[in-house]
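Colleague: no sequence for this one, just the structure:
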């Protein structure tokens, strides 16, 4: 569960959260650590060397949801992602896609991809950058689901390194 559980998706809020995160100092070193909401412990962000990963929206859990209802939930989540990408494209220009599947499987993943995989954020990334705010940063968003019963989670990633797979 994330600290965004139960909140309706709002494109404006998501864009604002991403733009604010672009200017947050990123760690220069140290371990990758999760941060949680003080009262509930629900995930609010993950920070590591040169990266910040955080949830923007979380769907309801899909336990016991099948067929048309599951398809409708998936379509709603995809619509949220599309609305966000459309708004960010309008602000920053066209995104590029980084596929998270097969390219990461045969070898250890470099950061920030290792962190994405560890957090079950396996959805393809829509990436923009470098964005100069005031130093170069890369921003990415993705839609993720760790299994068919789990909620769908829309996440943002901020990095001080290019988001590419070699």
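Modeller: Arrived safely, thanks for sending. Just so you know, these numbers come straight off a predicted model, no measurement behind them. Residues are numbered from 1 along each chain as shown.

Colleague: which elements pack onto the helix or strand bottoming out on mean pLDDT in the chain?
Modeller: One helix or strand of the chain scores below all others by mean pLDDT, DSSP states H and E: helix 113-118, with a mean of 91. Contacts defined by 3 or more Cβ pairs under 8 Å, 6 or more residues apart in numbering; DSSP states H and E place helix 113-118 against strand 51-58. For glycine as for every other residue, the C-beta is placed from the backbone atoms N, C-alpha and C.

Colleague: check which element follows the least confident helix or strand of the chain along the chain.
Modeller: Remark: after helix 113-118, the chain's next helix or strand is strand 125-132, criterion DSSP states H and E.

Colleague: quick one: strands adjacent to that following strand?
Modeller: strand 96-98 (antiparallel), strand 136-144 (antiparallel) (DSSP bridges).

Colleague: out of those, which is closest to residue 69?
Modeller: Comparing those against residue 69 with Cβ to Cβ, the closest turns out to be strand 136-144 (17.9 Å).

Colleague: report the distance from the helix or strand following that closest one to the chain centre.
Modeller: Counting by DSSP H and E, the next helix or strand C-terminal to strand 136-144 is strand 153-159. Strand 153-159 has its C-alpha centroid displaced from the chain centroid by 2 Å (Cα atoms, centre = their mean, to the nearest Å).

Colleague: how about strand 153-159: buried residues?
Modeller: Residues of strand 153-159 classed as buried: 153-159 (neighbour count, 16 or more other Cβ atoms under 10 Å).

Colleague: shaky segments in this structure?
Modeller: Across the chain, the ranges flagged by pLDDT under 70 are 102-107, 166.

Colleague: let's see it at 50
Modeller: Low-confidence segments of the chain, defined by pLDDT under 50, are absent.

Colleague: mind checking the longest helix of it?
Modeller: Across the chain, the helix with the greatest residue count (assigned by DSSP state H) is helix 67-92.

Colleague: that'll do, ta.
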